[in-house]
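Asker: Quick check, what structure comes out for this input:
(chains A and B)
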Amino acid sequence: MDQSKEKFAQLQKLIDSHKNMKGSLMPVLQGAQEIFGCVSEDVQKFIAEGLGVTLSEVYGVATFYAQFSLHPKGKYLISVCLGTACYVKGSQNVLDKLSEVLEIPVGGTTPDGKFTLEATRCLGACGLAPVMMINGEVYGRLTPDVIPGIIEKYRAKED
Amino acid sequence: MKKMINLTIDGIKVQTPEGSTVLEAARSAGIRIPTLCFLKDVNKLGVCRMCIVNAGGRALQAACVLPAAEGMNVKTNTPEIQEYRKNILELTLSTHKKECLSCIRSQNCELQKLCLELGVEFGDKYEGVKNEYTIDDLSPSIVRDNNKCILCRRCVSVCAKVQNVGVIGPVNRGFKTAIESPWGLKLNQMACINCGQCIVNCPVGALHEKDDTNEVWAALQDPDKYVVVQPAPAVRAALGEEFGYPMGTSVTGKMAAALRRLGFDKVFDTDWGADLTIMEEANELVERISKGGKLPMITSCSPGWIKFCETYYPDFTDNLSTCKSPHEMEGAMIKSYFAEKMNIDPHKIVVVSVMPCTAKKFEAKRPELGHDGMADVDIVITTRELARMIKKANIDFCALPDEDFDSMLGESTGAAVIFGATGGVMEAALRTAYETITGKKLENVDFKAVRGVKGIKEATINIGGTDVSVAVASGTGNASTLLDSVRSGKKNYAFIEVMACPGGCVNGGGQPIVSSQVKMDKDIRVERAKALYKEDRNKALRKSHDNTEIKTLYTEYLGKPGSHKAHELLHTHYQKREKYSD
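Answerer: Predicted coordinates for the structure are as follows:
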């Protein structure tokens, strides 16, 4: 609870430094996402009240840009590249396999909060296609059959 | 003097003040450019692309956001432009729910009109994936059908910028863009004030009032019910438009006749209730001033404003007059005074109010507005719903004779008629308060300083040697500005009138819908108000306390204004409301 209080205090500071500035909603939302990991309903209401804009406006911006997440993301963020090179090399099959192993749709988070599965644009590692990234760690030349092993490795990690 | 700019539009030399858009310049020269998303003074985004013109640029440009420039040569209607516009319409139709035969806006739809004009032959030229939305009909006042929405954002702008409410907005992006409330909440879960300004500014059938006419038909058919109707002041100033009368025509007599033919047992008039409201409200004002009560006192007739105050300015709820609104007062009197006099069981009475307002539907459902387990008003229909009923009943409205309202709760003064225009309640209250305080006859009853469509009006009125400062705001956005200045101590008033809709009830959310093209040339608030002020001028009695039926009511039933009985039946209380529901 205290941790959340601290985070809201941090957000308040951010809002104060942007108050009455034109175009302040975007940087505040970005900051909030960094602080909380997502921009949940409470966070958006806090921003709306703080900046004196409507919740509709905050929510509109938050849903317009793909960079904002409305729900908390998992501990491990899996991003599968669907850029041209990776796609041609079969990254869709990799993505489908991940979805099957984790039992979540693309964009979803596992109930235990451990994994979030995302599809992304080109990660800039086309030479290793198909590519995915787990919390910044790159995995290249993937095939669907290596996926369960990789996931198992993360599942086994201590919390 | 503003600098003038010279340009050529469709071969015609046009002079226009610097800063005007090509759309405005063309309009001033009698050249009509089609529009959909443009809404004068409110929505200027250039998103629908209907107003594209050739101004010599690399591509066609939207005239509504294109500044007129010196020497510009604009073409607004070449075959190429016509083809583009037609194509835009066909693309719009590809995701539009085309139930035009039964749509509530059929024949009054801006999209339909443009399709006809531009020769769109069939609506399914581009077949493909469609978004499917659930209709939001949980609000007591407003229904939203996103399947018909064309994403023009007129409702969004009016809600946020004019009304300072902002409970809807565009969410998501691209093909998935929809006008919604945040987090998929429905309107009734939001701090929507039910004003209906979104409805009267929607070009298509994506927004409409919750239709309650079936309830009225059922009551009229029920032999056990005694059905009483009362139309609000502003209804008579606009109902005619639905039957081809020019804007600003008063149709009071024909409206009374039509209501009688629909089969109502009694045709009373909310103007009577308005006179009664003034008796109570002027008395309350005099009491608050003389006894040091909470000031400024703020009017309480407009239910959109009341919910706005309860939600967004809860610190002002003690400033609100405790008077119920006119139709609620009249409803309360119908189910007490009238029922007793006529020896009718009030539980068998159905009170139907015809209102220029969608927020009245919400107001009538407030549990505090009633007595002995009965609601003061049972059903509220809007001006538009009444017009539909008259049409459905095959009544030839234009051929009707002028009839009067029924007596006992049907007489009214000029003071009541002007309730429908911004400043009207203020003026009516001043007419009565003046004579109450000074005991002298008020010779000139016209308080012109509080008339007109300016968003905020201020005046100082000398009453018996005392200066009383008053203010009038219409549109809840203007009300916010006014209340902020009172809250900060910058301004000080004794009495404030607020109407939720810009221009007051004549421009209410339940009134006939006027297209954005017509609104470019005509101010409907001004035109419709003219009808009311004309009626006021022609009335034999122009002060509420001169109404003979109201005098009888006090002598026979209520005693005097502010009496115990009056308080029990005619006054109410307010509650603070949360901005966000949990």
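Asker: Low-confidence ranges, the chain, go.
Answerer: Chain wasn't specified; assuming chain A. A:1-2, A:159 (pLDDT under 70).
Asker: My question was about chain B, not that one.
Answerer: Chain B contains residues with pLDDT under 70 at B:582.
Asker: Find the centremost residue of it, please.
Answerer: With distances taken as Cα atoms, centre = their mean, the residue of chain B nearest its centroid is B:Gly508 (0.6 Å).
Asker: wait, it sits on B:Cys357?
Answerer: Yes. With contacts counted by Cβ atoms under 8 Å, B:Gly508 reaches B:Cys357, the gap being 4.5 Å. Where you see a C-beta, it was placed from the backbone N, CA and C, and this is true even at glycine.
Asker: now the nearest residue to the residue nearest to the centre of chain B once chain neighbours are set aside: how far from B:Pro512?
Answerer: Once flanking residues are discounted, B:Gly508 sits nearest to B:Pro356: 3.5 Å by Cβ to Cβ, 6 or more residues apart in numbering or on different chains. The gap separating B:Pro356 from B:Pro512 is 9 Å, by Cβ to Cβ, to the nearest Å.
Asker: Looking at the two, which is more packed in?
Answerer: A count of neighbours by other Cβ atoms under 10 Å in any protein chain shown puts B:Pro356 above the other of B:Pro356 and B:Pro512, at 31 against 21.
Asker: Give me the neighbour count for residue 6.
Answerer: No chain specified, so I'll use chain A. A:Glu6: 11 neighbours (other Cβ under 10 Å).
Asker: meant chain B, my bad for not saying
Answerer: 13.
Asker: which stretches of chain A form helices?
Answerer: In chain A, the helices defined using DSSP state H lie at A:2-18, A:25-36, A:41-51, A:55-64, A:84-88, A:91-102, A:147-156.
Asker: Redo those as TSV? Include distance to chain B.
Answerer: Formatted as TSV, the helices of chain A follow (distance: least, Cβ to the nearest Cβ, whole Å):
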stretch	distance to chain B
helix A:2-18	16
helix A:25-36	12
helix A:41-51	6
helix A:55-64	3
helix A:84-88	20
helix A:91-102	20
helix A:147-156	29
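Asker: Tell me which of those helices sits most buried.
Answerer: Highest mean neighbour count of those: helix A:55-64, a mean of 22 (counted as mean count of other Cβ atoms under 10 Å in any protein chain shown).
Asker: now could you export just the CA positions of it as CSV?
Answerer: Taking Å, rounded to 0.1, in the frame of the first residue of the first chain, the C-alpha atoms of helix A:55-64 are listed here in CSV:
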residue,chain,number,x,y,z
LEU,A,55,-11.0,11.3,-18.2
SER,A,56,-12.4,10.9,-21.8
GLU,A,57,-9.4,12.9,-23.1
VAL,A,58,-6.9,10.9,-21.0
TYR,A,59,-8.4,7.6,-22.0
GLY,A,60,-8.6,8.7,-25.7
VAL,A,61,-4.9,9.4,-25.8
ALA,A,62,-4.0,6.2,-23.8
THR,A,63,-6.0,4.0,-26.2
PHE,A,64,-4.7,5.8,-29.3
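Asker: Compute the distance from the centre of the helix ranked longest in chain B to the centre of its chain.
Answerer: Ranked by residue count under DSSP H, the longest helix found in chain B is helix B:270-290. Mean C-alpha position of helix B:270-290 versus that of the full chain (Cα atoms, centre = their mean, to the nearest Å) differs by 22 Å.
Asker: domains of chain B?
Answerer: Following automatic domain parsing, chain B resolves into domains at B:4-77, B:92-209, B:214-570.
Asker: what do you get for chain A?
Answerer: Here the domain assignment for chain A is A:2-64, A:76-156, based on automatic domain parsing.
Asker: Between B:Pro356 and B:Pro512, which contacts overlap?
Answerer: B:238, B:383 (Cβ atoms under 8 Å, 6 or more residues apart in numbering or on different chains).
Asker: where does chain B come near chain A, residue by residue?
Answerer: Contact residues (Cβ under 8 Å from any Cβ of the partner chain) of chain B with chain A: B:156, B:160, B:165-173, B:181-183, B:580.
Asker: again, only this time at 10 Å
Answerer: Residues of chain B lying near chain A by Cβ under 10 Å from any Cβ of the partner chain: B:156, B:159-160, B:164-174, B:176-185, B:190-191, B:579-580.
Asker: Inside helices: which ones of the residues you listed?
Answerer: B:Val156.
Asker: picking that back up, any chance of the domains of chain B in TSV with distance to A:Ala156 as columns?
Answerer: Output for the domains of chain B, formatted as TSV (distance: least, Cβ to Cβ, whole Å):
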stretch	distance to A:Ala156
domain B:4-77	52
domain B:92-209	37
domain B:214-570	52
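Asker: wait, which of these is closest to A:Gln44?
Answerer: Closest of the domains of chain B to A:Gln44 is domain B:92-209, at 7.2 Å (criterion: Cβ to Cβ).
Asker: give the contact list for B:Asn492.
Answerer: Contacts for B:Asn492 were tallied using Cβ atoms under 10 Å, 6 or more residues apart in numbering or on different chains; they are B:295-296, B:469, B:471, B:485-486.
Asker: if we go to 8 Å?
Answerer: B:296, B:469, B:486.
Asker: Put the buried members of those residues into a ChimeraX selection.
Answerer: Applied in ChimeraX, the following selects the buried portion of those according to 16 or more other Cβ atoms under 10 Å in any protein chain shown:
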select /B:296,486
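Asker: closest to A:Phe115 among the contacts of B:Asn492?
Answerer: Of all the contacts of B:Asn492, B:Val486 has the smallest distance to A:Phe115: 54.9 Å, by Cβ to Cβ.
Asker: can I assume that closest one sits in a helix?
Answerer: Yes. Assessed by DSSP: H, G, I helix; E, B strand; the rest coil, B:Val486 belongs to a helix.
Asker: From chain A, how far out is it?
Answerer: Distance, B:Val486 to chain A, using Cβ to the nearest Cβ, to the nearest Å: 19 Å.
Asker: these two touch, right, that residue and B:Pro296?
Answerer: Yes. Counting by Cβ under 8 Å, B:Pro296 is a contact partner of B:Val486 at 6.7 Å.
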